[in-house]
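> need a 3D model of the following:
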Amino acid sequence: MPAIARQRRALVTGAAGFIGSHLVDRLLAEGFEVVAMDNLLTGAISNLEHIVHPDFTFIRYDVTNYVYVPGELDAILHFASPASPNDYLAFPIQTLKVGSLGTHKALGLARDKRARFLLASTSEVYGDPLVHPQSEDYWGNVNPIGPRGVYDEAKRFAEAMVMAYHRAHAIEVRIARIFNTYGPRMRLSDGRAIPNFIGQALRGEPLTVYGDGLQTRSFCYIDDLVEGIFRLLHSDLALPVNLGNPAEMTVLDLAHTIQQLTGSASPITHLPLPVDDPKVRQPDIRQARERLGWQPQVPLETGLKETIRYFRAALSRP
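Numbers count the residues shown, from 1 in each chain. I've put the predicted structure just below:
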């Protein structure tokens, strides 16, 4: 009699966050048993409350401490970290600790379980780039002692730690360099451009643009990103892979688009540009296209309409 295939089992750290919670949904839909872990520093349990599934377990825990999960694990997806400027400026030491100690503890678990390890890295490892667009072989232009350095360097260290475990212990690793992502379950207080602009537009407040607004960003809808992460997890690519939308636009153009989609008459006001704010941000996704067969599919207007619908409902709740 042939052996019965064991159900795949994954641990997701930072599972109550914006991206982490969508990733939990996808893994469950793909037949995984999912152990979700989050200390709720910046994540919200409400992001997981919709899940009623026999293969889902939530553990409230800080992964900067020793991490133990009983039973077998096939994959560990390390998404625990403050990820918005508001968050990592409010929690600088916690951000550094989860990128360093948290990554170390999660990798130790991966080594023990012989599990594949996927790190959620970031485009911020490129800093304020001197190369445009940014490809994975660019080493970046980062100010290690600036206020944003706590996030940038935490992720750069995490990447170094992941590759060290790969080389020293033959751990299977994947590194996703995630560019600006948006969609439902972002927080209105997130501090990033899209939730800021939508929240201000829906409340009838001025839309605050930093600097002249001519700095560029590229925005990837959450469903597209999760598809990219899932494909990367099942690939054989150990070195970093950019995941983002190469369609570049200015922050000022984004503000005008959100004004139009919300029907808001809110004016646009300008505030000083934050320290070390990148002037350009655009992923080179040739590797993702060629090796993963992945590229974003959701048009910006479609994704923004879904996100506006989510925030409109959130603002209507008491």
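
> quick one, what contacts residue 277?
Going by Cβ atoms under 8 Å, 6 or more residues apart in numbering, residue 277 touches 128, 148, 210-211, 215. Where C-beta positions appear, they are placed from N, C-alpha and C, glycine not excepted.

> how close does it sit to residue 147?
The spacing between residue 277 and residue 147, counted by Cβ to Cβ, to the nearest Å, is 10 Å.

> count the neighbours of residue 147 for me.
Residues lying near residue 147 (other Cβ atoms under 10 Å) number 14.

> am I right that residue 208 sits in a strand?
Yes. Applying DSSP: H, G, I helix; E, B strand; the rest coil, one finds residue 208 inside a strand.

> count of neighbours near it?
14.

> let me see the contact set for it.
By Cβ under 8 Å, 6+ apart, the residues touching residue 208 are 196, 200, 269-271.

> so where is the stretch 1-150 of the chain shaky, pLDDT-wise?
Counting by pLDDT under 70, the stretch 1-150 of the chain has low-confidence residues at 1-5.

> and the strands in it?
9-13, 33-38, 56-60, 75-78, 116-122 (DSSP state E, counting those that start in this stretch).

> give me the angle between the first one and strand 33-38.
Here strand 9-13 runs at an angle of 10 degrees relative to strand 33-38 (axes from the mean of the first three to the mean of the last three Cα atoms, to 10 degrees).

> strand 9-13 packs against which elements?
If you count contacts as 3 or more Cβ pairs under 8 Å, 6 or more residues apart in numbering; DSSP states H and E, strand 9-13 packs onto helix 18-29, strand 33-38, strand 75-78, helix 103-113.

> which of the ones you listed sits most buried?
strand 75-78 (a mean of 26; mean count of other Cβ atoms under 10 Å).

> partners of that one, with directions?
Sheet partners assigned to strand 75-78 using DSSP bridges are listed as strand 9-13 (parallel), strand 116-122 (parallel).

> between the ones you listed, which gets nearest to residue 231?
Closest of the strands paired with strand 75-78 to residue 231 is strand 116-122, at 11.2 Å (criterion: Cβ to Cβ).

> dump the closest one to CSV, restricted to CA.
Taking Å, rounded to 0.1, in the frame of the first residue of the first chain, the C-alpha atoms of strand 116-122 are listed here in CSV:
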residue,chain,number,x,y,z
ARG,A,116,12.7,25.8,4.0
PHE,A,117,13.1,29.4,5.2
LEU,A,118,11.7,32.4,3.4
LEU,A,119,12.7,35.9,4.6
ALA,A,120,10.5,38.9,4.0
SER,A,121,13.2,41.5,3.1
THR,A,122,12.5,44.9,1.5
